[in-house]
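[1] need a 3D model of the sequence below.
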Amino acid sequence: MQIAKDKVVSLDVRLSDVHGNLIQQSAEAVQYLHGDYGGIFPAVEEALQGKAPGEKIQVRLEPEDAFGEYDAELVQLAERAQFPPELEVGMQFEREGGAENELLIHTVTDIAGGQVVLDGNHPLAGMALDFVCTVVAVRDASAGEIERGYADDDAAGPLISVVQ
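    Numbers count the residues shown, from 1 in each chain. Here you go, the predicted structure:
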């Protein structure tokens, strides 16, 4: 079966920076619903169209095709007193930010002099990435999956997460 709209696709994924440094590799096959449902990067979805199990693709994702450009306006200073005593660099908090003041996850990047630096950018913002995957399986999506817009096994989270 070939990848087409309303098919659930299982992939083995390897995401690296352009220098070949591994960022994420799937421990088990990950799934998404194919057909412009937002479960995978559009450039990757386009490259996978018509592929079958066993086929492999490699797509170079520029920042605008992946996690966006780095936005210095998403970096904020906050008073240290606003945070719990156990605050550490790397911790994350939801805060308003961006052009529309939506809730963004901000990462603590520095703590100094009674101030905390919070970065609302995705950790991979501004990076060009190499997305390599092998198609493991393709199946018809259920009516419920199509109605919800995601594969049942995809309900727990996005296709791509960052290796810490």
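
[2] show me the domain layout of the chain.
    7-66+125-154, 72-119 (automatic domain parsing).

[3] confidence-wise, which helix or strand of this structure is lowest on average?
    strand 92-97 (a mean of 80; mean pLDDT, DSSP states H and E).

[4] all helices of the protein, in order?
    42-48, 143-148 (DSSP state H).

[5] packing partners of the first one?
    Same thing as helix 42-48. Judged by 3 or more C-beta pairs under 8 Å, 6 or more residues apart in numbering; DSSP states H and E, helix 42-48 is in contact with strand 56-61, strand 129-140. Where C-beta positions appear, they are placed from N, C-alpha and C, glycine not excepted.

[6] which parts of the first one are buried?
    Taking 16 or more other C-beta atoms under 10 Å as the neighbour-count basis, strand 56-61 is seen to contain the buried residues Val59, Leu61.

[7] okay, angle between that strand and strand 129-140 too, please.
    Inter-element angle recorded for strand 56-61 and strand 129-140: 130 degrees (by axes from the mean of the first three to the mean of the last three C-alpha atoms, to 10 degrees).

[8] show me what strand 56-61 is packed up against.
    Strand 56-61 packs on helix 42-48, strand 129-140, going by 3+ C-beta pairs under 8 Å, 6+ apart.

[9] now that strand: mean pLDDT?
    In this model, strand 56-61 has a mean pLDDT of 98.

[10] from the chain's centroid, how far away is it?
    Once both centres are worked out by C-alpha atoms, centre = their mean, to the nearest Å, strand 56-61 turns out to sit 15 Å from its chain's centre.

[11] partner strands of it and their direction?
    Within its sheet, strand 56-61 is paired with strand 129-140 (antiparallel), according to DSSP bridges.

[12] how far out from the middle of the chain is the partner strand?
    For strand 129-140, the distance to the chain centre is 15 Å (C-alpha atoms, centre = their mean).

[13] what ranges in this structure fall below the confidence cut-off?
    97-99, 153-164 (pLDDT under 70).
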